[in-house]
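Trainee: Got a sequence here, can you model it:
(one chain, ligands or ions: 1)
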Amino acid sequence: MKNKIGVLVMSYGTPESLDQVEAYYTHIRRGNPPSEEQLKELKDRYEAIVGGVFPLRANTDSQVEALQMTLNRDSVDKDVEFVCYQGLKHAYPFIEDGVEQMAKDGITRAVGIVLAPHYSIMSVGGYIKRAEEKAAEHGIRFSFVKSYHLHPKLIEALTQRVSKKLDQFEEVGAKRDSVRVLFSAHSLPEKILEMGDPYQDQLLETSKAVADRAGVKNWQFTWQSAGRTATPWLGPDILDTLRELSVEQVEDVLVAPIGFVSDHLEVLYDLDIEAQAVAGELDMRLMRTDALNTDPLYMETLSDVIIKAWEEE
Ligand code: FEC
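Mentor: Modelled structure (predicted):
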């Protein structure tokens, strides 16, 4: 029998129904329930997105299933079987549930990875800390993949998506070089910069690598989806960037949300509804690159870094 290696695949998590939104939002706010107004506003955003009310759940399920297949295909010559477990940051099954399940299944060696390519102490660092704490209770030996933002297959998958949309701009009469490519990612509180956090640099490195490979010179990076809190968040926000581009008389914009790997609220609402509405007001043509979801190149990126993390330990 092959030796079983657990793989804790961690992702943000989403509610399963509208009546779970309050508990979910309270968890995101570290136990502080949202006001009625905040709750209504979030529910309205979920209700506004197309493609299912909570697409992140089905997308994460599909990614985990595809990853397990890819891992076992890529390691067929090794004497191991990789078994994937989901661990979500803000919804069931939580990160701790995934680790508990591994312990119940007799797993003693595991690798942890987050479905987000860029490391920040406030994002990936938080996932890893929780998994480590639970793993220590059960004596499971873990290795973690912290980031994979320059993996050649990830860069290739993102480049293909940028090129495909630039082709579409040309088909509708735009000049390829005049399309401004906006690489974007989830904003975080500005204080991460004082902490020497690598998040911003890694995002710029991914942006540059994709732009170089796609032959794009007309690009910039912008933030999106900043939290609604009093502390300052990293900017500029995409909505302000669009307004500035309008002043520069840029007419065609392609947004590539390289910080995200699947279709969910922050893409389907913040970009496809909110940013699209602002672009409409500014008389701009805005397109968005397709999400990675279960793209084989993305699955192979994950499989590659997971197998390396297991072999190196
Ligand atoms: O589709 C879905 O149901 C979930 C979409 C979703 C993803 C996501 C990813 C990231 N977040 C990150 C940081 C923060 C910080 C706060 C915060 C708040 C929210 C809220 C919702 C939400 N996030 Fe999220 N995030 C998603 C959804 N996020 C909903 C609460 C309402 C709001 O502010 O819009 C602020 C917490 C606080 O109040 O203290 C910080 C980061 C990522 C990308 C990396 C990752 O996936 O982990 C960073 C997907």
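Trainee: Which residues are in contact with the most centrally placed residue in the chain?
Mentor: Centroid-nearest residue in the chain, with CA atoms, centre = their mean: Phe260, separated by 2.7 Å. By CB atoms under 8 Å, 6 or more residues apart in numbering, the contact list for Phe260 reads 116, 185-186, 266-267, 291. The way it works is simple: take the backbone N, C-alpha and C, and place the C-beta from them, glycine included.
Trainee: Close to the ligand: what parts of the chain are there?
Mentor: 12, 14, 25, 28-29, 42, 54, 56, 116, 123, 186, 188, 227-229, 259, 264-266 (CB under 6 Å from any ligand atom).
Trainee: so Lys4, which of the three states?
Mentor: Three-state assignment for Lys4 (DSSP: H, G, I helix; E, B strand; the rest coil): strand.
Trainee: ok, back up a step: give me the buried entries from the contacts of Phe260.
Mentor: 116, 185-186, 266-267, 291 (16 or more other CB atoms under 10 Å).
Trainee: Sitting in helices, which of those residues do you find?
Mentor: Judged by DSSP state H, the buried ones among the contacts of Phe260 include 266-267 as members of helices.
Trainee: Throw the buried ones among the contacts of Phe260 into CSV and include pLDDT, thanks.
Mentor: Formatted as CSV, those follow (pLDDT from 0 to 100):
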residue, pLDDT
Ala116, 98
Ala185, 98
His186, 98
Glu266, 97
Val267, 97
Ala291, 98
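Trainee: wait, which of the buried ones among the contacts of Phe260 is closest to Gln276?
Mentor: Val267 (11.4 Å; CB to CB).
Trainee: Now that the closest one has come up, it's in contact with Arg288, right?
Mentor: Yes: taking contacts as CB atoms under 8 Å, Val267 lies within contact range of Arg288: 7.2 Å.
Trainee: Now for these two: what residues contact both?
Mentor: In contact with both Val267 and Arg288: Pro257, using CB under 8 Å, 6+ apart.
Trainee: Quick check: closest non-adjacent residue to Leu182.
Mentor: Once flanking residues are discounted, Leu182 sits nearest to Val255: 4.7 Å by CB to CB, 6 or more residues apart in numbering.
Trainee: Quick check, the one you found in contact with Arg180.
Mentor: No: at 9.5 Å, Val255 does not count as touching Arg180 under the criterion of CB under 8 Å.
Trainee: Have a look at the two and say which one is more surrounded.
Mentor: Val255 (26 against 19; other CB atoms under 10 Å).
Trainee: re the thing from before, I'd like to know how far the residue nearest to the centre of the chain sits from Thr108.
Mentor: Phe260 sits 33 Å away from Thr108, taking CB to CB, to the nearest Å as the criterion.
Trainee: mind listing the strands for the stretch 101-250 of the chain?
Mentor: Taking DSSP state E, counting those that start in this stretch, the strands of the stretch 101-250 of the chain run over residues 109-114, 141-144, 180-186, 219-224.
Trainee: Export the helix or strand hosting Glu65 to CSV, keeping only CA atoms.
Mentor: Glu65 is part of helix 55-74 when elements are defined by DSSP states H and E. What follows is helix 55-74 as a C-alpha-only set of coordinates in CSV (Å, rounded to 0.1, in the frame of the first residue of the first chain):
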residue,chain,number,x,y,z
PRO,A,55,-19.7,30.4,-6.8
LEU,A,56,-16.5,30.2,-4.7
ARG,A,57,-17.7,27.0,-3.0
ALA,A,58,-18.2,25.0,-6.2
ASN,A,59,-15.0,26.5,-7.7
THR,A,60,-12.9,25.5,-4.7
ASP,A,61,-14.5,22.0,-4.7
SER,A,62,-13.6,21.6,-8.4
GLN,A,63,-10.0,22.9,-7.8
VAL,A,64,-9.4,20.5,-5.0
GLU,A,65,-10.7,17.5,-6.9
ALA,A,66,-8.6,18.5,-10.0
LEU,A,67,-5.5,19.1,-7.9
GLN,A,68,-5.8,15.6,-6.3
MET,A,69,-5.9,14.0,-9.7
THR,A,70,-3.0,16.1,-11.0
LEU,A,71,-0.9,15.3,-7.9
ASN,A,72,-1.3,11.6,-8.2
ARG,A,73,-0.7,11.7,-12.0
ASP,A,74,2.5,13.7,-11.5
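Trainee: Grab the CA positions of the lowest-mean-pLDDT helix or strand in the chain and hand them over as PDB.
Mentor: The helix or strand of the chain with the poorest confidence is helix 191-194; it has a mean of 94 (mean pLDDT, DSSP states H and E). Output of helix 191-194 as PDB, limited to C-alpha atoms (Å, rounded to 0.1, in the frame of the first residue of the first chain):
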ATOM      1  CA  LYS A 191       0.700  48.900   7.700                       C
ATOM      2  CA  ILE A 192       1.900  45.800   6.000                       C
ATOM      3  CA  LEU A 193       4.500  47.900   4.200                       C
ATOM      4  CA  GLU A 194       6.100  49.000   7.500                       C
END
